[in-house]
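In: build me a structure from this.
(chains A and B)
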Amino acid sequence: MYHALLPPKTVKILKNEYHVRFFIVFVFFVSLAVLIATVFLLPSYAVSSLGERSAVSDAQSAKNGIATDTASITSGLSAAGDLVTALSSAMLPPLSPVVLRIAALRPEGITISSFNVSSNGPDSMAVSIQGLADTRSDLVTFKNILEGDQDFSGVTVPISDLASAMHIQFSMSMTATMKKQ
Amino acid sequence: MTLLLACGAYTFMYRDTVTKAQEEALVKSEVLAASEQVTEAKNMEIMYQSTTDDRGLLPSFFVSSDDAVPFIDAVEAIGPATGSTLSLSSLSDSADGGSSHSIVTAAITVSGTWPNVMRAIGMVENLPYAISIKDLYMSESQGSPAKPGSTIKPAPRWTASLDISVLSSS
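Out: Below is the predicted model:
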């Protein structure tokens, strides 16, 4: 059974003092806890600060290294690239293989008296030849051989050249697509 | 007051530590990427150094417009070397529209037997210059008449006209 021997006013004052003391003790412990946490945080703070400074320094030196290393290479490669580009764009495929190929494909009964080969670009040449065919059959055979060869296309013989049956002075034009060697 | 100060200090240090840790991680990833680039640059430099000799040869493919004599000598030497008659004419220098280099053009006439003329044309095409033949015209010409009493028919002679172009450096 609870008996209040003290007057109610005194009880109220004591309760207030109790609450104040409790609050002070609570705040003290909270402050102590925060202080301890702050002290324990100090090493992490220091490590992070040092780590960040070190990383920034490393990044800067790495960037400087890249700039120094690649500048000379880039300028050297650029100069070489200009020369290679000029060479590759200016070089045309050789024409003599076309002449040799036609001469090799020439059948019996065909005599070639002239070749005219002009470069049309990096992989195409206009070719015209003139010569003498013993017979019309020889001329047609020669035309068929050239048409069947993968290096030649558009083989054309004027129809007037087929008028004679023997000793035909002929001319022939075609396109050659021999690759660069 | 003490509590406020302690809380303030803790909050500041905590936030700053987290921020620094994040920045450190970010910078480290940049350093890693940069170090990879440095490695690539070093590999590129090794490759660059290993091709120094080849790159040094590139200018030799261009005829020097100040000193075209070696090129002319090289072309004219093909005639005696192949047993054919070779002449060089219409030598001129013009700008190349597609690049900063200029182009030397010339006309070459070669005459001789079929094998000799073809050998000469092949040698012109394979000169150590950036040379191209734009037009090639070959025709059979009358050979020298047979000696009186001889039954051997002389080999037919061929004449080839070549329009060549070669890159030149100024």
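In: can you tell me how far the most centrally placed residue in chain A is from chain B?
Out: The centroid of chain A falls nearest to residue A:81 when counting by CA atoms, centre = their mean (15.0 Å). According to CB to the nearest CB, to the nearest Å, residue A:81 and chain B sit 10 Å apart. The way it works is simple: take the backbone N, C-alpha and C, and place the C-beta from them, glycine included.
In: then residue A:73?
Out: Distance from residue A:73 to chain B, by CB to the nearest CB: 5 Å.
In: residue A:29 too?
Out: Residue A:29 is 10 Å from chain B, by CB to the nearest CB.
In: in which helix or strand would I find that residue?
Out: According to DSSP states H and E, residue A:29 maps onto helix A:8-90.
In: and if you look at residue B:27?
Out: Going by DSSP H and E, residue B:27 is part of helix B:2-50.
In: wait, does that helix make contact with chain A?
Out: Yes: for a cut-off given as CB under 8 Å from any CB of the partner chain, helix B:2-50 has contacts with chain A, namely B:2-3, B:6-7, B:9-10, B:13-14, B:16-17, B:20-21, B:23-24, B:27-28, B:30-31, B:34-35, B:37-38, B:41-42, B:44-45, B:48.
In: just the buried residues of those.
Out: Among those, the ones that count as buried by 16 or more other CB atoms under 10 Å in any protein chain shown are B:3, B:6-7, B:10, B:13, B:17, B:20-21, B:24, B:27-28, B:30-31, B:34, B:37-38, B:41, B:48.
In: work out the gap between stretch A:100-113 and the centre of the chain.
Out: How far stretch A:100-113 lies from its chain's middle: 46 Å, per CA atoms, centre = their mean, to the nearest Å.
In: what is the subsequent helix or strand relative to the helix holding residue B:27?
Out: helix B:52-57.
In: identify the residues contacting that following helix?
Out: Helix B:52-57 has contacts (CB atoms under 8 Å, 6 or more residues apart in numbering or on different chains) with A:76, A:80.
In: what pLDDT, on average, does the very next helix or strand once past it get?
Out: In the C-terminal direction, the helix or strand that comes right after helix B:52-57 (DSSP H and E) is strand B:63-64. Averaged over strand B:63-64, pLDDT sits at 86.
In: measure the most centrally placed residue in chain B to chain A for me?
Out: In chain B, the centroid-proximal residue (CA atoms, centre = their mean) is residue B:58; its distance is 5.1 Å. When distance is defined by CB to the nearest CB, residue B:58 is 4 Å away from chain A.
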